[in-house]
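Chemist: whatever this is, show me its structure:
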Amino acid sequence: MMLNFAKGIGFLYAARGILYALKTQPNMRIHCLATAVALLLAWVMGITGLELLWLILAIFMVIVTELLNTAVETVVDLLSPGYHPLARAAKDVAAGAVLMAALHSLVVAFFVFGRRMI
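Modeler: Alright, predicted model coming up:
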């Protein structure tokens, strides 16, 4: 019984982390708005099957990389409050991961929505 209780607490920690990112990161809020727009558009256009799967995968990639970016930035700020070139590099690389995921999502959106809009 204790093990199941502990697993439940882990989900609370995870939810707290997601809420922290939503409260503190403007880009996370932008990604969530873009998610809502993309899913609404997919529903209106009747997107189903593999195209919807690709769209959802792209959305999750962006959200996950944004969460990881927030974690990296938070730890770097904690460990290196002043400027350090390696701290900057860590933050830049994490931000680059988000950029790559966002670019991937744009490519997916083009293939899913583009031909229907033309």
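Chemist: please enumerate the helices of the protein.
Modeler: 2-24, 26-45, 49-79, 85-109, 115-117 (DSSP state H).
Chemist: same list (these) but as JSON lines, adding mean neighbour count.
Modeler: No exception for glycine: its C-beta is placed from N, CA and C like everyone else's. What follows is these, written out as JSON lines (neighbours: other CB atoms under 10 Å):
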{"stretch": "helix 2-24", "mean neighbour count": "11"}
{"stretch": "helix 26-45", "mean neighbour count": "14"}
{"stretch": "helix 49-79", "mean neighbour count": "16"}
{"stretch": "helix 85-109", "mean neighbour count": "15"}
{"stretch": "helix 115-117", "mean neighbour count": "9"}
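Chemist: give me the low-pLDDT residue ranges for the protein?
Modeler: Scanning the chain for pLDDT under 70 picks out the ranges 1-7.
Chemist: ok, 80 please
Modeler: 1-8 (pLDDT under 80).
Chemist: which one is the residue nearest to the spatial centre of it nearest to, not counting chain neighbours?
Modeler: Geometric centre of the chain, nearest residue: Ile63, 1.1 Å, by CA atoms, centre = their mean. In this structure, Ile63 finds its nearest non-sequential neighbour in His31, 6.0 Å apart by CB to CB, 6 or more residues apart in numbering.
Chemist: mind listing what the one you found touches?
Modeler: Contacts here follow CB atoms under 8 Å, 6 or more residues apart in numbering; on that basis His31 touches Val62, Ile63, Glu66, Ala102.
Chemist: how far away is it from Ile18?
Modeler: 12 Å (CB to CB, to the nearest Å).
Chemist: cool, Asp92 as well?
Modeler: From Asp92 to Ile18 the distance is 24 Å (CB to CB).
Chemist: how about Val76?
Modeler: For Val76 relative to Ile18 (CB to CB), the value is 20 Å.
Chemist: most widely separated two among the contacts of His31?
Modeler: Ile63 and Ala102 (10.6 Å; CB to CB).
Chemist: what's the closest non-adjacent residue to Leu52?
Modeler: In space, Leu52 is closest to Ala42, 6.1 Å off (CB to CB, 6+ apart).
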